[in-house]
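Asks: sequence and predicted structure are below.
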Amino acid sequence: MACRITELVLDCADPQRMGDFWCEVLGYVELGWDGDDLEIGPEAGFGGPQPTLILSRSTDPKPAKLPLHLDVNPTDRDQDAELERLLAAGARPAEVGQTGEESWHVLADPEGNVFCLLRRRVDPVS
């Protein structure tokens, strides 16, 4: 038997703002608050095939570059259309040393956490 990832925890200054952004990006819903921490995830909630995201209020300064980042793939449109949607939702281009030849786009969420939009379209998880 093995483990699987059921939730990811992201420290942030404003859990509501970040929750709104990541719900828009991932098609998630707000699942609930536990103190200052907001959990978002698929409508099915915790324990399904997709992990939930815990947005944990923190005032601690973050390192310049996190050792982990998220990659996302479009599910119902091509990469260019998805890039436009993410930028309209509040993402912004980020520079991490790309050559310009990459097949992905490097973006930052509203608090500057870097994530990548990959090219390949994937099926949405039911």
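Replies: On my side now, so go ahead.
Asks: what sits against the residue most central in space within the chain?
Replies: The residue lying closest to the centre of the chain (Cα atoms, centre = their mean) is Trp22, at 5.2 Å. Under the criterion of Cβ atoms under 8 Å, 6 or more residues apart in numbering, the neighbours of Trp22 are 28, 40, 53, 55, 109. Every residue, glycine included, has its C-beta placed from N, CA and C.
Asks: make it 6 Å
Replies: Contact analysis of Trp22 by Cβ atoms under 6 Å, 6 or more residues apart in numbering lists 40, 53.
Asks: got the buried residues for the strand or helix carrying Leu86?
Replies: Per DSSP states H and E, Leu86 falls inside helix 79-89. Buried residues in helix 79-89, defined by neighbour count with 16 or more other Cβ atoms under 10 Å: 79, 82-83, 86.
Asks: for this protein, which residues score under the pLDDT cut-off?
Replies: When the per-residue scores of the chain are filtered using pLDDT under 70, the ranges that remain are 1, 64, 126.
Asks: what segments of it are helices?
Replies: Counting by DSSP state H, the segments of the chain that form helices are 15-26, 79-89.
Asks: and the ones you listed as a markdown table, adding distance to Phe115?
Replies: A markdown table is the format used below for the helices of the chain (distance: least, Cβ to Cβ, whole Å):
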| stretch | distance to Phe115 |
| --- | --- |
| helix 15-26 | 8 |
| helix 79-89 | 9 |
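Asks: surely Arg92 meets Asp109?
Replies: No: counting by Cβ atoms under 6 Å, Arg92 does not reach Asp109; the two are 8.6 Å apart.
Asks: tell me which of these two has more neighbours.
Replies: Neighbour count, other Cβ atoms under 10 Å: between Arg92 and Asp109, Asp109 has more, with 22 against 11.
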